[in-house]
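Novice: The following block contains a protein sequence and its predicted model.
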Amino acid sequence: MPQFRKRPVVVEAVKWTGNNRTELIEFLGGEKEHIIPLDGYGDSVHSYATIKTLEGRMHARCGDWVVKGIKGEFYPVKHDIFVATYEPVLDERPDAGEGGGDG
């Protein structure tokens, strides 16, 4: 049976903490088609964000990540799946860390 490996893709993501509404709205670009009012029970542990995705509206629960895909689409990812799938990107530019620049 043929096997396939997922191509490495760099994405942007914000973790929904329940207390970073402004950060999440800014990350979503403030575009009305992606912003749906954030709902919840008044505390961060039970709060969720409703995100408009390509598959319809989905909830990002507290602790989930909201990922911006390679075509600008948004989707929530559970924390354990996120850490198993993604890793931080270090600055890999050739001049990074070498004091490069004009100063």
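Specialist: Structure received. Just so you know, these numbers come straight off a predicted model, no measurement behind them.
Novice: And the helices in the chain?
Specialist: 21-27, 79-85 (DSSP state H).
Novice: Out of those helices, name the one with the poorest average pLDDT.
Specialist: Least confidently modelled of the helices of the chain is helix 21-27, at a mean of 88 by mean pLDDT.
Novice: list the helices and strands it packs on?
Specialist: Using 3 or more C-beta pairs under 8 Å, 6 or more residues apart in numbering; DSSP states H and E, the elements in contact with helix 21-27 are strand 12-15, strand 65-68. All C-beta spots, glycine's among them, are computed from the backbone N, C-alpha and C.
Novice: ok so, going back, now, of the helices of the chain, which is deepest in the fold?
Specialist: Among these, ranked by average contacts under mean count of other C-beta atoms under 10 Å, first place goes to helix 21-27 (a mean of 15).
Novice: how far out from the middle of the chain is that helix?
Specialist: Relative to its parent chain, helix 21-27 has a centroid offset of 11 Å by C-alpha atoms, centre = their mean, to the nearest Å.
Novice: My guess is residue 48 contacts residue 60. True?
Specialist: Yes - between residue 48 and residue 60 a contact is recorded at 6.2 Å, counting by C-beta atoms under 8 Å.
Novice: list the residues that contact both of those two?
Specialist: Common contacts of residue 48 and residue 60 (C-beta atoms under 8 Å, 6 or more residues apart in numbering): residue 16.
Novice: so who does residue 73 touch?
Specialist: With contact set as C-beta under 8 Å, 6+ apart, residue 73 has these partners: 53, 54.
Novice: more neighbours, residue 48 and residue 60?
Specialist: It is residue 60, of residue 48 and residue 60, that has more neighbours when counted by other C-beta atoms under 10 Å, with 25 against 18.
Novice: if I look at residue 53, how far off is residue 24?
Specialist: Separation of residue 53 from residue 24 (C-beta to C-beta, to the nearest Å): 14 Å.
Novice: where in this protein is pLDDT low?
Specialist: Within the chain, the segments meeting pLDDT under 70 span 31-46, 92-103.
Novice: Which residue ranges of it form strands?
Specialist: Using DSSP state E, the strands of the chain run over 12-15, 48-53, 56-61, 65-68, 74-77.
Novice: Please consider this matter closed, and thank you.
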